[in-house]
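Peer 1: Sequence and predicted structure below; questions after.
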Amino acid sequence: TAQQSTSRQNEETLELTESHALGFVFFSAAGLLTLFYLKIYSFVKVMYGFSCCNAMVTVIFGPLYSRIFRKFRVRDSVAFSTATCEIGVVTYTTLLAAITSYSLGAVWMYIAFTVHHPDSITFFWVMQDVMGACVCITFLSVIKLNSIKVATMLLIAAFF
């Protein structure tokens, strides 16, 4: 129902405060310095790939397969249910969306690790852009800025 959807949406949001903004800037700078000095680019590619695949499930393939199932009047039943890692109930739509996005992510990572200049392959950079956009959309749907002061602090810290 609409009330359950609204309450679930409220549970999944995070309101940022001034301390979150400062922490974000501090940990971003620390992460960039760590990446620069330790040169852990392969680890970052793997983490980027996994997080982007999960974002693609949420933003692209989950809604797409739900719409297709509704269009063809296919009942979306429960594939399995588990309490492990707070996964809960997994429907066939979610399972199909996960298989699709993680398959595309696996191809993207294979190209990233095997091709010397993967940016010359159109699929690689288009998928990288799509995956990055999905992460941004997911981030924007979770984070809530209720204060202009927090937004101002983030912008000032990001550009200076």
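Peer 2: Done, it's in.
Peer 1: Nearest to the middle of the chain, which residue? Look it up for me.
Peer 2: Geometric centre of the chain, nearest residue: Ala55, 3.0 Å, by Cα atoms, centre = their mean.
Peer 1: Go ahead and confirm it touches Thr138.
Peer 2: Yes: between Ala55 and Thr138 there is a contact at 4.4 Å, judged by Cβ atoms under 8 Å. For the C-beta atoms, the positions are set from N, CA and C on the backbone; glycine is no exception.
Peer 1: Just give me the neighbour total for Phe124.
Peer 2: Residues contacting Phe124 under the criterion other Cβ atoms under 10 Å number 18.
Peer 1: er, Ile60 actually
Peer 2: Neighbour count of Ile60, defined by other Cβ under 10 Å: 19.
Peer 1: need the contact list for it.
Peer 2: Counting by Cβ atoms under 8 Å, 6 or more residues apart in numbering, Ile60 touches 101, 130, 134.
Peer 1: quick check, nearest of the residues you listed to Tyr48?
Peer 2: Of all the contacts of Ile60, Tyr48 sits closest to Cys134, with 11.5 Å by Cβ to Cβ.
Peer 1: So what touches the helix or strand encompassing His20?
Peer 2: Per DSSP states H and E: His20 is located in helix 18-38. For helix 18-38, contacts defined as Cβ under 8 Å, 6+ apart pick out 16, 40-41, 44, 147, 149-150, 153-154, 157-158.
Peer 1: And Thr91, its phi and psi?
Peer 2: The phi/psi pair for Thr91 (degrees, to the nearest 10) reads phi -90, psi 170.
Peer 1: Give the burial count for it, as a bare number.
Peer 2: Counted with other Cβ under 10 Å, the neighbours of Thr91 add up to 18.
Peer 1: gap between it and Arg70?
Peer 2: In this view, Thr91 and Arg70 are 13 Å apart by Cβ to Cβ, to the nearest Å.
Peer 1: On the three-state scheme, Cys134 is what?
Peer 2: helix (DSSP: H, G, I helix; E, B strand; the rest coil).
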